[in-house]
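1. how would this look folded up:
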Amino acid sequence: MGDNAFVAGQEPWLERLGNLRNVVRQELVTRQLAAHLPRGPLRVLDVGAGQGTQALRLARLGHSVTAVEPDGRMRGAFEQAARGLTTGQRERVTLVATDLAGLASVTRPTAYDVVMCHGVLMYLPESRAAVAALARRVAPGGVVSIVSRNGDAMAWRPARRHDWAAATAMLDELRLAADEGRDARYRNEIGVDARADTLASLTADCEDSGLDVAQWYGIRVASDDVPVDAPAPHGDELATLLDVEERLGATDPYRALGTLLHVIARPRGRATG
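-> Model prediction:
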């Protein structure tokens, strides 16, 4: 796995943006992050911005966004989505062709009120260096928002599907990874080999980088057993589903079963805004 590991899964990812699982993911990230944003307008850095869902939502709210995306096809999808912005909103968005390693040379300003890195860590060999790079970009009183694969719940999705062989394989991998002192690995549903973090490992990474975890959430606790191409419902059904997912993702013991882990961290010893 490396910085470009996601490339092999780009096509199915982009094709499924409007399906249930991605709609739930994006809406839950938006709601969970909103509860921790400092008072605006804000300077936002989105690392691995992809098609720009979160970056563009924040731009529409009046924030200035620097979106970092190394891949040309994903930048193209971002630019296509940005056509829906007003002229004023578009002027607040800067799209940069680089990755985590290039942050220091391209980000201006050098510190941001909100630093986001969503769905990136699972494609990197490890998370510690990435978290440290994110921590160096957050301003005093700011927040760092990280979404990664939840290693503590890897067997839950196949178990809910009654795919006992896959659930057993996940449980075996978790045990083997623990015995070998490494992160658990898996093949995700866009066909890419990836890596999982745990709440404990991300908390340790944050602490090593001078960040304190302020809150954490689960994402897709109850709606992750559907096929990847299941369409999102509409109207009241979707609204109710999202409300339930939001509550489950913030409530013990359910949030620990989220397929994705959302960690909100702040610079240690700084004002919370």
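
2. residue closest to the middle of this protein?
-> His118 (2.3 Å; CA atoms, centre = their mean).

3. out of everything not next to it in sequence, what's closest to that one?
-> When the adjacent residues along the chain are set aside, His118 lies closest to Val147, with 4.0 Å between them (CB to CB, 6 or more residues apart in numbering). Glycine gets a C-beta too; all of them are placed from N, C-alpha and C.

4. so how far is Leu211 from that neighbour?
-> Counting by CB to CB, to the nearest Å, the gap from Val147 to Leu211 is 15 Å.

5. So which elements touch the host helix or strand of the residue nearest to His118?
-> Secondary structure from DSSP states H and E places Val147 in strand 138-149. Packing partners of strand 138-149 (3 or more CB pairs under 8 Å, 6 or more residues apart in numbering; DSSP states H and E): helix 20-34, strand 112-118, helix 128-135, helix 199-208, strand 211-219, strand 260-267.

6. for the stretch 151-273 of the chain, which spans come out with low pLDDT?
-> 270-273 (pLDDT under 70).

7. go with 80
-> Low-confidence segments of the stretch 151-273 of the chain, defined by pLDDT under 80: 190, 269-273.

8. hey, where'd the helices end up in it?
-> 156-160, 164-180, 199-208, 235-249 (DSSP state H, counting those that start in this stretch).

9. Same list, those helices, but as CSV with mean neighbour count and distance to Val106 please.
-> Converted to CSV, the helices of the stretch 151-273 of the chain look like this (neighbours: other CB atoms under 10 Å; distance: least, CB to CB, whole Å):
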stretch, mean neighbour count, distance to Val106
helix 156-160, 18, 37
helix 164-180, 14, 34
helix 199-208, 18, 23
helix 235-249, 15, 33
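
10. who wins for proximity to Arg75 among those?
-> Taking CB to CB, helix 199-208 is the member of the helices of the stretch 151-273 of the chain nearest to Arg75, at 27.2 Å.

11. what packs against the closest one?
-> helix 128-135, strand 138-149, strand 211-219, strand 260-267.

12. And the last one, what's buried?
-> Applying a neighbour-count criterion of 16 or more other CB atoms under 10 Å, one finds 260-267 buried in strand 260-267.

13. which one of those sits closest to Ala34?
-> Using CB to CB, Ile264 comes nearest to Ala34 of those, at 10.8 Å.
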